[in-house]
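here is the input, now give the coordinates:
(one chain, ligands or ions: 1)
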Amino acid sequence: MQKRFRSIVVLTGAGISAESGLGTFRDKDGLWTKYDLQEVATPEGFARNPVLVHDFYNARRKNLVEATPNAAHYALAELERRFDGQFLLVTQNVDDLHERAGSTRLLHMHGELLKIRCESCDSVRVWRGDLDLATACPDCGTSGGLRPHVVWFGEMPLYMDDIAAALDTCDLFVSIGTSGQVYPAAGFVAEVRRGGLAHTVELNLDPSDGFSLFAEKIYGPATEVVPAFVTRVLAGG
Ligand code: OAD
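Numbering: from 1, shown residues only. Got it, this is the predicted structure:
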């Protein structure tokens with residue numbers, strides 16, 4: 001059992017949460033077809049119109065607290081629990097559905113929607129409700145300096161050293177529900193392939209931009225293909 005792989009890195013994107021009712025970004029009806037990402041997901045957009053940016057993230061926080069994890073999130077939590085080697089789940093998602101499904105070895109490289117950060121004192125706090133310009137920082141008392149603890153375009157993703165170390169040593173890399181259009185995550189498969197030893201797998205609804213770099217590809221809804229793949233890995237296949 002489970003002898004084939006010793007170290008697994010899983011990368012997830014918005015597609016894994018699509019069947020939980022959270023919209024993806026670039027699909028038909030995706031968030032970036034309705035909102036201008038330059039206005040709501042960049043530091044410059046926030047400086048220009050903080051009210052618009054707060055409204056956007058307030059709406060997303062509300063959607064998230066009403067959503068629940070799906071079979072794909074639960075399957076990855078089970079993989080973490082039952083796999084007897086190294087395991088790391090790296091997510092581009094700012095939702096907390098992986099945690100709610102039971103994942104713990106998890107890095108949110110694009111930040112977390114249910115946290116806020118104070119630009120004055122840098123403190124990070126859990127925040128489930130609305131945020132506006134009048135909200136005072138619970139730590140330093142400054143008003144107007146709070147922002148969502150998410151990584152915007154033009155900002156550095158989080159945990160990159162830990163992620164690079166895991167990619168260097170994994171022997172299975174699995175990319176789930178991501179279009180492969182946003183770097184650095186889109187470059188992880190190439191980084192893993194440079195080591196030459198890892199098996200690389202894409203699980204997605206449609207081929208991603210980098211699909212040809214994966215040794216194995218399985219296409220279908222995450223709630224179907226992820227549990228089936230996890231069963232196979234745990235059986236040593
Ligand atoms: P995208 O919206 O770019 O891509 C979503 C992917 O999920 C697509 O390849 C779809 O085919 C796939 N998909 C849709 N429904 C699915 C389902 N039910 N099962 C499996 N796959 C499905 O989202 P991401 O690749 O996550 O960053 O986007 C990457 C980053 O761009 C995000 O983290 C966000 C965004 O702008 C920031 O905001 C910094």
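
how's this protein carved up into domains?
1-22+69-110+157-237, 23-66+112-150 (automatic domain parsing).

with mean pLDDT and mean neighbour count added, can I get the ones you listed in a markdown table?
C-beta here means a position set from N, CA and C on the backbone, and glycine is covered the same way. Shown next, in a markdown table, are the domains of the chain (pLDDT from 0 to 100; neighbours: other Cβ atoms under 10 Å):
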| stretch | mean pLDDT | mean neighbour count |
| --- | --- | --- |
| domain 1-22+69-110+157-237 | 96 | 19 |
| domain 23-66+112-150 | 95 | 15 |
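
I'd like those domains as CSV, with distance to the ligand appended.
Output for the domains of the chain, formatted as CSV (distance: least, Cβ to the nearest ligand atom, whole Å):
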stretch, distance to the ligand
domain 1-22+69-110+157-237, 2
domain 23-66+112-150, 3
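
direction included, what does the longest strand anywhere in the chain pair up with?
In the chain, taking DSSP state E as the definition, the longest strand is strand 111-118. Here strand 111-118 has these sheet partners by DSSP bridges: strand 124-126 (antiparallel), strand 146-150 (antiparallel).

among the ones you listed, which is nearest residue 34?
Residue 34 lies closest to strand 146-150 among the strands paired with strand 111-118, at 17.6 Å (Cβ to Cβ).

got the contact list for the helix or strand that comes right after the closest one?
Heading C-terminal from strand 146-150, the first helix or strand you meet, by DSSP states H and E, is helix 160-169. With contacts defined as Cβ atoms under 8 Å, 6 or more residues apart in numbering, helix 160-169 is touched by 7, 9, 86, 88, 90, 107, 109, 173, 184, 188, 191-192, 195.

next, the angle from the very next helix or strand once past helix 160-169 to helix 160-169.
Note on helix 160-169: by DSSP H and E, the next helix or strand toward the C-terminus is strand 172-176. Here strand 172-176 points in a direction 120 degrees away from that of helix 160-169 (axes from the mean of the first three to the mean of the last three Cα atoms, to 10 degrees).

which outside residues touch the top helix by length along the chain?
Counting by DSSP state H, the longest helix found in the chain is helix 50-66. Contacts to helix 50-66, defined as Cβ under 8 Å, 6+ apart, come from residues 21-22, 35, 39-40, 45-46, 94-96, 113-114, 127-133, 144, 147-148, 150.
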